[in-house]
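Peer 1: Pasting the sequence and the predicted model now:
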Amino acid sequence: MKLLSALLSFAIAALPARAATDFGSVIQGVWDETHGATLEFTAGRRSPTPHLDALEREQTRLAGEAKRGVVAILVTATLSDKKPSKDAPDEGEEGSTHGSGFIVDAAKGLIVTNAHVVELVGRNDKYMYKDPKTGKRRTAYVLKSRLAVVLDDKTQVEGKMVHFEAWGDLALIKIEAPKKRRLRALRIDDAKDVKVGQWAMTVGAPIDSDLNNSVVFGMISGIHREVDPDNRDMIQTQAMINPGNSGGPLINKRGRVIGVNTSGLTADVGVGFSIPGYKVKAMMKRFLAGPRSHLAGIGLTTEETTQGLEIEDIQPDTPASSSGIKVKDVIVSVDEIPLSSEDEADDDARRRFWRVIRSKAPGDTVRVKVLRFPKAPVAPPANAAPAAPAAPPAAPTEHVFDVGLY
């Protein structure tokens, strides 16, 4: 702070007296307009220290108000590498993830976060993830999961998923406020007038949930960024967004949320991205118009291949079980959106598939195109007479099915 004060004092002192007065007037006008504060930044009094103290007090006030509406989100799940069955139940291994969120409706206990923070909640299919120890991609079955929310005073309450939009990486959680505790909601700005260079603040739980309500100040360093096909028109900020900040708010100088931080998209140190506020408002409108269950699914367990998604299992008593789809079929498109990928390690096929499924409501129907491969011939016994040369394998056939969601 002293170094900044000295540098600013030197810069002002180097200006002509009239220029110093005009510069002070500009700063005073901006501050008065936005905060109602008074700055005496004039040629007759050039020491900036009192004014920086005023700025610091304002930042402290904004941070204190914002922290009351920000929460940490804890997800614990039991995962298994093997598919469980009634005959051979598998207890699995418990793992946990955490992220951030913020309250948008205090009366109803609604909290906004990223979809990827809570994607394990309520899943009943295979979950693909990157092993933090080995760095390799693994798949596991989600056997059960639990969602908890930690408020700013460290109180922990149970959370319930009420809305999930994988394609936009947004989700809504509902909680019941503890007795004698009033929740505080943060207001959302549509962020359509955000400009590069504007002040910004992030609040969340980086690295560990015990670090909830960590505050970082920075600025808007870019707008209308396209990070990937799922995330267009993003806000770029150099306010540090670490793992665990996902789902937390990006806040402007008025204390309003202008974006939802997505640390999973952070490419380099000092480069973070946020989903703009207008997308959050649109998601809220869709929820209020008719909540869509995050459990809406298609009843299929799949594995990625270079051609699409191979069906490993079909859950009984689901629309998929009577649709005509068979195990080993390979899904190549859903609602005419192709899923094929030339890169075997690429998860685009799964993302594209679930983006369509999660955009629907239970009871809707999707059109699924599959490739069906003929069964491989049974190998003859070792002592059998030599057989004629095998014919080349038959080409797979295409089939289209209309499958209901539940």
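Peer 2: Alright, I've got the coordinates. From a predicted model like this one, the values you see are computed outputs, not experimental measurements.
Peer 1: The chain: helices as residue ranges?
Peer 2: For the chain, the helices defined by DSSP state H cover 2-13, 17-35, 49-67, 277-289, 348-358.
Peer 1: May I see the buried residues of the fourth one?
Peer 2: In this case it means helix 277-289. 277-280, 283-284, 286-287 (16 or more other Cβ atoms under 10 Å). Using the backbone N, CA and C atoms, a C-beta is placed for each residue, glycine as well.
Peer 1: From Asn114, how far out is Pro206?
Peer 2: 14 Å (Cβ to Cβ, to the nearest Å).
Peer 1: and these two? which has more neighbours close in?
Peer 2: Neighbours per residue (other Cβ atoms under 10 Å) separate Pro206 from Asn114, with Asn114 holding more: 26 against 21.
Peer 1: which ones are touching the closest residue to the more buried one other than its chain neighbours?
Peer 2: Once flanking residues are discounted, Asn114 sits nearest to Gly247: 4.2 Å by Cβ to Cβ, 6 or more residues apart in numbering. For Gly247, the contact set (Cβ atoms under 8 Å, 6 or more residues apart in numbering) comprises 73, 99-102, 112-114, 117, 204, 260-261.
Peer 1: Most neighbours of all the residues you listed, which one?
Peer 2: Ser100 (33 neighbours).
Peer 1: was I right about that one contacting Thr262?
Peer 2: No - using Cβ atoms under 8 Å, Ser100 is not in contact with Thr262, being 10.8 Å away.
Peer 1: List the residues that are in contact with both of the two.
Peer 2: In contact with both Ser100 and Thr262: Ser246, using Cβ under 8 Å, 6+ apart.
Peer 1: which residues does Val400 bridge with?
Peer 2: Assessed by DSSP bridges, Val400 has beta-bridge partners Lys369.
Peer 1: Would you confirm that it contacts Val368?
Peer 2: Yes - Val400 is in contact with Val368 according to Cβ under 8 Å; the separation is 7.1 Å.
Peer 1: any chance of the buried residues of helix 277-289 in CSV, plus distance to Leu172?
Peer 2: Below are the buried residues of helix 277-289 laid out as CSV (distance: Cβ to Cβ, whole Å):
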residue, distance to Leu172
Gly277, 15
Tyr278, 16
Lys279, 13
Val280, 10
Met283, 8
Met284, 8
Arg286, 10
Phe287, 6
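Peer 1: Please identify the buried residues of stretch 363-371?
Peer 2: Buried residues in stretch 363-371 (16+ other Cβ under 10 Å): 366, 368-371.
Peer 1: any weak-confidence spans in the stretch 151-300 of the chain?
Peer 2: 209, 228-231, 263-270, 290-296 (pLDDT under 70).
Peer 1: Strands along that one, start to end?
Peer 2: 156-165, 170-175, 199-204, 214-225, 234-237, 249-251, 257-261, 272-276, 300-304 (DSSP state E, counting those that start in this stretch).
Peer 1: Give me the angle between the third one and helix 49-67.
Peer 2: Between strand 199-204 and helix 49-67, the angle comes out at 40 degrees (axes from the mean of the first three to the mean of the last three Cα atoms, to 10 degrees).
Peer 1: Over to the fourth one?
Peer 2: Strand 214-225 runs at 90 degrees relative to helix 49-67, counting by the same axes, to 10 degrees.
Peer 1: contacting residues around strand 214-225?
Peer 2: 59, 63, 66-67, 194-206, 233-240, 271, 273.
Peer 1: Can you pull the domain assignment for the protein?
Peer 2: 2-67, 70-175, 199-275, 300-404 (automatic domain parsing).
Peer 1: pLDDT averaged over the shortest one, what's the number?
Peer 2: Across domain 2-67, the average pLDDT comes to 51.
Peer 1: Number the residues from 12 up from this point.
Peer 2: Happy to do that; since the first residue is 12 now, the last one works out to domain 13-78.
Peer 1: tell me the contacts of the residue nearest to Leu222 when sequence neighbours are not counted?
Peer 2: Counting by Cβ to Cβ, 6+ apart, Leu222 lies nearest to Ala216, which is 5.5 Å off, once chain neighbours are set aside. Counting by Cβ under 8 Å, 6+ apart, Ala216 makes contact with 83, 109-111, 161, 222-225, 255-256, 259.
Peer 1: try 6 Å
Peer 2: Residues in contact with Ala216, defined by Cβ atoms under 6 Å, 6 or more residues apart in numbering, are 83, 111, 222-223, 255.
Peer 1: Check Thr87 too.
Peer 2: 107, 157.
Peer 1: now the one 3 residues further on
Peer 2: Leu90 sits next to 103-104, 106, 151 when contact means Cβ under 6 Å, 6+ apart.
Peer 1: bridging residues for the nearest residue to it once chain neighbours are set aside?
Peer 2: Of all residues not flanking Leu90 in the chain, Ala151 sits nearest, at 3.9 Å (Cβ to Cβ, 6+ apart). Beta bridges link Ala151 to Tyr138, judged by DSSP bridges.
Peer 1: rewinding a little: are any of the contacts of strand 225-236 buried, and which?
Peer 2: Buried among those (16+ other Cβ under 10 Å): 74, 77, 205, 209-217, 245-251, 282, 284.
Peer 1: Please look at Leu416 and Asp375 and confirm they touch.
Peer 2: Yes - here Leu416 reaches Asp375: they are 5.2 Å apart, a contact under Cβ atoms under 6 Å.
Peer 1: How many residues are close by Lys171?
Peer 2: For Lys171, the count of nearby residues is 15 (other Cβ under 10 Å).
Peer 1: How about it, nearest residue that isn't a chain neighbour?
Peer 2: Lys171 sits nearest to Lys185 (Cβ to Cβ, 6+ apart), 4.9 Å away.
Peer 1: cool, and Thr166?
Peer 2: Per Cβ to Cβ, 6+ apart, closest to Thr166 is Pro189, 5.6 Å.
Peer 1: In this structure Ser344 contacts Lys380, no?
Peer 2: Yes - using Cβ under 6 Å, Ser344 makes contact with Lys380 at a distance of 4.4 Å.
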